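In: Show me the folded form of this:
(chains A and B)
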Amino acid sequence: MYGKKVKLRILFISLLLVSVILSIFLILKSLEEDVVYFFSPTEIKSLTEINKKKIRIGGMVKENSIVIDSENINFIITDFKNEINISYSGSVPNLFEEGKGVVAEGFLKDNSFLIAEKILAKHDENYMPPEVAESLKDK
Amino acid sequence: MFKLFEPNKIFSITSKITKYILLLFIIVLSIGLVEALFLSPEDYIQSHSVRIMYVHVPSAWISLGIFSLIALLSTISFIFKNKNFSIIAKSLAPSGFVFNIIALVTGSIWGKPTWGTWWAWDARITSMLILLLFYAMYILAWRIFNERENVIKITSIIAILGVINVPIIKFSVDWWSTLHQNSSVNILSESTIHSSMLLPLLIMTAAFSLFALLIFLMKYNTELIKIKNKGLDRL
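Out: Numbers count the residues shown, from 1 in each chain, chains lettered A, B, ... in the order given. Next up, the predicted model:
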């Protein structure tokens, strides 16, 4: 059917692909903690020691949890299992809202408190016109 | 099996259809822009910045699609020594490269008002940047290596290695926590984008695909002319 050279080239490509895919898989697997952009509150709670490094926590801004005083914005990030208190001073993105996704970057004080240096809003995959969103709310 | 791809015959077709593709592109793009910029509604959270998505998402799709196609053609070319496939792959690269840049830049422009940052080193954005680097390597390799035999081997291997990144890009948002949202347009499960927004998205995708095809044809014709001028009647 095919010549010997063709078979050898197919073998070469297959070996190349398998070996590189396997190495990439192993590298990504061992770097899992660095590949993720943020940790969930549950993952933070299960930490045994508090790392001094900068860390990101992502989840939902808990309903009715935003408290703004003269210097700080305090709110709670929840994944509906665990909650982390966030304290932040600075400007927040326009889409920062209760019940919406958020990522807070900063330093952990303990297992349930983070002093944030940066707040990012996380947009979800839902795209719809305002009228549709309204009618969904009414239901 | 590959007799069908005689360059002279191809050239007589590709040189003629370019202007029709251009015409079709202009028509589809006009409809797409009117839909995307005026007729489609604003988003309930992002309001008008949702319109960036009509450029961002098609660009990202097309840059991924073109790279996959380059890798497929390169694999066949590498195994069966079909040089014409390599020339087709080479001609596809510039439009894929440009759409990759457009996807990154428009994503950045959208990210600032939405997320509050121009750039985040999350898995989706970083893997898209890696794709751009592979495009750059692929295009550069064609310029650096002159000797016919070697350049085809080297560019093929770059494309084949680079395509491993394509499923990583696609599934990065499912495998890891990322700042980038999950996909809204799904084939297997229900899409989370409203139909009034899906329509302009699909029209813009068609328009950009036509543009990619147009750039490909122009580049491919140039390559064929180059080969002709060298006095070779075959690849």
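In: pLDDT score for residue 105?
Out: The chain I'm using is chain A. pLDDT for A:E105: 94.
In: um, chain B though
Out: 97.
In: Now name the helix or strand holding it.
Out: Taking DSSP states H and E as the criterion, B:V105 maps to helix B:83-114.
In: likewise A:I44?
Out: Using DSSP H and E, A:I44 falls within helix A:41-45.
In: Next: A:G59.
Out: Per DSSP H and E: A:G59 is located in strand A:55-61.
In: after that strand, next one along is what?
Out: Remark: after strand A:55-61, the chain's next helix or strand is strand A:67-68, criterion DSSP H and E.
In: Centre of the chain to that next one, how far?
Out: Relative to the chain's own centre, strand A:67-68 is displaced by 24 Å; criterion: Cα atoms, centre = their mean, to the nearest Å.
In: Against which helices or strands is it packed?
Out: strand A:73-78 (3 or more Cβ pairs under 8 Å, 6 or more residues apart in numbering or on different chains; DSSP states H and E). The way it works is simple: take the backbone N, C-alpha and C, and place the C-beta from them, glycine included.
In: What are the buried residues along the strand it packs on?
Out: A:I73, A:F75, A:I76, A:I77, A:T78 (16 or more other Cβ atoms under 10 Å in any protein chain shown).
In: now do stretch B:83-102
Out: Across stretch B:83-102, burial judged by 16+ other Cβ under 10 Å covers B:83-100, B:102.
In: hmm, that stretch touching chain A?
Out: No. Legend: contact between stretch B:83-102 and chain A by Cβ under 8 Å from any Cβ of the partner chain is lacking; minimum distance shown is 13.8 Å.
In: Could you report the neighbour count for B:N82?
Out: B:N82 has 18 neighbours, counted by other Cβ atoms under 10 Å in any protein chain shown.
In: domains for chain A, by residue range?
Out: A:4-33, A:36-122 (automatic domain parsing).
In: State the number of residues packed around B:F211.
Out: B:F211: 21 neighbours (other Cβ under 10 Å).
In: Ignoring the adjacent residues along the chain, who's closest to it?
Out: Leaving aside its sequence neighbours, B:F211 sits nearest to B:F25 (Cβ to Cβ, 6 or more residues apart in numbering or on different chains; 5.5 Å).
In: In terms of secondary structure, what does the next helix or strand after the helix holding B:V105 contact?
Out: Counting by DSSP H and E, the element after helix B:83-114 in chain order, helix or strand, is helix B:123-144. On a contact count with 3+ Cβ pairs under 8 Å, 6+ apart, helix B:123-144 meets helix B:53-80, helix B:83-114, helix B:148-162, helix B:165-175.
In: rerun that using 6 Å as the cut-off
Out: Applying 3 or more Cβ pairs under 6 Å, 6 or more residues apart in numbering or on different chains; DSSP states H and E, we find helix B:123-144 packed against helix B:83-114, helix B:148-162, helix B:165-175.
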